[in-house]
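Q: Have a look; sequence and predicted model below, questions after that.
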Amino acid sequence: MSSFSVTEPSKRTKWFAGTMVIVYALITMLPLAWIMMTGFKSPADAISYPPKVVFEPTLEGYVNLFTTRTRQTEEFLAANPPETWYEEIVREYDMVIAGPSKFGERFLNSVIIGFGSTFLSIVLGTLAAYAFSRFKIPLADDLLFFILSTRMMPPIAVAIPIFLMYRQLGLSDTHLGMILLYTAVNISLAVWLLKGFIDEIPREYEEAALIDGYTRFQAFYKVVLPQAATGIASTAIFCLIFAWNEYAFAVLLTSGTAQTAPPFIPTIIGVGGLDWPAVAAGATIFLLPVMIFTILLRKHLLRGITFGAVRK
């Protein structure tokens, strides 16, 4: 009699599941690969039809992304030969580099606002989740539902009131205003996710710490937080993704000082219109911080998704 396991999948099942995962990964990564390839194309290759898969790579898109260019007369170009490789690229269009573009500033704004709001959301969300998990709060279920309901509203429904309020408070086009706004949106997600993680941490650990002479805050800091690190890391990823990619509020409430990269990238204009290689280069660079952040915390993310799925 051959042995058969109800829990162990067969070789055919493993092969089929592995094939499906690989196919799904290739399909989802194809747009990202195409964007990265477009960043190394020339403007003509980027809009060619049929699309070019094999092309001569160039850094023209990245040069156009980080610089501003202007046309000059033939006499000026002849009297001022290019001194660097990136100046040689723009000379092909009878142009010279006038200075740096605003992409660096917009990218830095995204970093400040995205990571700042994520940090604030995690701090406030962890404290609120701990309170809901460990203490008897009147109307706790109603409060939790109210917190969650703020996430259900479409941004356009509150865009005008927030715009008017920010204009009166002087928070329009400021880093602080955008950080507070994204924190207000993300905190509902943080509270609900972190409450589930903290609920899974046995109360006995804290009770033992309190008996040993710890204060409530010390028990929270030294006992609960280390065990909730997985949930905090996975929640931080989701909060950062929202703040990093948010577009509607960034367009409405920022225009210069605090403008982030998402509303700036579509405004990149080239010689003959929209500079698609520069747009693709900006999108590629914009993806890197979130991608690196997610890869660094990938173990916590996988554990956080399955945390509490199986109860003993």
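A: The structure has been received and is ready for your questions. Given the structure is predicted, the values throughout are model-derived calculations rather than measurements.

Q: how far away is T150 from V224?
A: Taking C-beta to C-beta, to the nearest Å as the measure, T150 falls 25 Å from V224. From N, CA and C alone the C-beta is placed, and that goes for glycine too.

Q: same deal with P9?
A: From P9 to V224 the distance is 37 Å (C-beta to C-beta).

Q: higher neighbour count, those two?
A: More crowded of P9 and V224, by other C-beta atoms under 10 Å: V224, with 20 against 12.

Q: which secondary structure element contains the closest residue to the more buried one other than its chain neighbours?
A: Closest residue to V224 apart from its sequence neighbours, by C-beta to C-beta, 6 or more residues apart in numbering: I201 at 6.0 Å. Using DSSP states H and E, I201 maps to neither a helix nor a strand.

Q: Quick check, pLDDT for I201.
A: pLDDT for I201: 85.

Q: phi, psi of P9?
A: phi -70, psi 150 (degrees, to the nearest 10).

Q: just the one 5 residues further on next, same as before
A: With angles defined as degrees, to the nearest 10, K14 sits at phi -60, psi -40.

Q: any idea how far it lies from K52?
A: Between K14 and K52 the computed distance is 38 Å (C-beta to C-beta).

Q: Then T215?
A: Computed as C-beta to C-beta, the T215 to K52 distance reads 66 Å.

Q: between these two, which one's more packed in?
A: Taking other C-beta under 10 Å, T215 and K52 do not tie; K52 has more neighbours (16 against 10).

Q: SS state for that one?
A: Secondary structure state of K52, per DSSP: H, G, I helix; E, B strand; the rest coil, is coil.

Q: do T68 as well
A: Strictly by three-state DSSP, T68 counts as strand.

Q: tally of neighbours for Q227?
A: By the criterion of other C-beta under 10 Å, Q227 has 14 neighbours.

Q: Quick check, pLDDT for K312.
A: The model's pLDDT for K312 equals 42.

Q: ok, the closest residue to D199 other than its chain neighbours - contacts?
A: Leaving aside its sequence neighbours, D199 sits nearest to S133 (C-beta to C-beta, 6+ apart; 5.2 Å). Applying C-beta atoms under 8 Å, 6 or more residues apart in numbering to S133 gives the contacts 195, 198-199.

Q: and I22, how far is that from Y214?
A: Taking C-beta to C-beta, one finds I22 at 49 Å from Y214.

Q: Between the two, which is the more surrounded one?
A: Counted by other C-beta under 10 Å, I22 and Y214 do not tie: Y214 has more neighbours, with 16 against 10.

Q: how about the nearest residue to that one, chain neighbours excluded?
A: Going by C-beta to C-beta, 6+ apart, Y214 has K222 as its nearest residue, at 7.0 Å.

Q: Can you get me a residue count around I137?
A: Other residues close to I137 by other C-beta under 10 Å number 14.

Q: ok but it is inside a strand, no?
A: No: counting by three-state DSSP, I137 is not found in a strand; it is coil.

Q: Let me know whether it touches A131 as I believe.
A: Yes: here I137 lies in contact with A131, judged by C-beta atoms under 8 Å, at a distance of 6.6 Å.

Q: Tell me where the protein has strands.
A: 67-71, 95-100 (DSSP state E).

Q: Identify whichever of the ones you listed lies nearest to M37.
A: Among these, the nearest to M37 by C-beta to C-beta is strand 67-71 (21.6 Å).

Q: That closest one pairs with which strands?
A: strand 95-100 (antiparallel) (DSSP bridges).

Q: Listing request: residues of the stretch 151-300 of the chain with sub-threshold pLDDT.
A: Along the stretch 151-300 of the chain, segments meeting pLDDT under 70 span 270-273, 300.

Q: pLDDT below threshold where in the stretch 1-150 of the chain?
A: For the stretch 1-150 of the chain, the stretches flagged by pLDDT under 70 are 1-7.

Q: As a check, name the ranges of all helices in it.
A: Using DSSP state H, counting those that start in this stretch, the helices found in the stretch 1-150 of the chain span residues 11-38, 43-46, 60-66, 74-79, 85-91, 103-134, 140-152.

Q: in the longest one, what counts as buried?
A: Applying a neighbour-count criterion of 16 or more other C-beta atoms under 10 Å, the buried positions in helix 103-134 are 103, 105-107, 109-110, 113-118, 120-122, 124-126, 128-130, 132-134.

Q: residues near L176, how many?
A: L176: 12 neighbours (other C-beta under 10 Å).

Q: Likewise for R69?
A: Based on other C-beta under 10 Å, the number of other residues close to R69 is 20.
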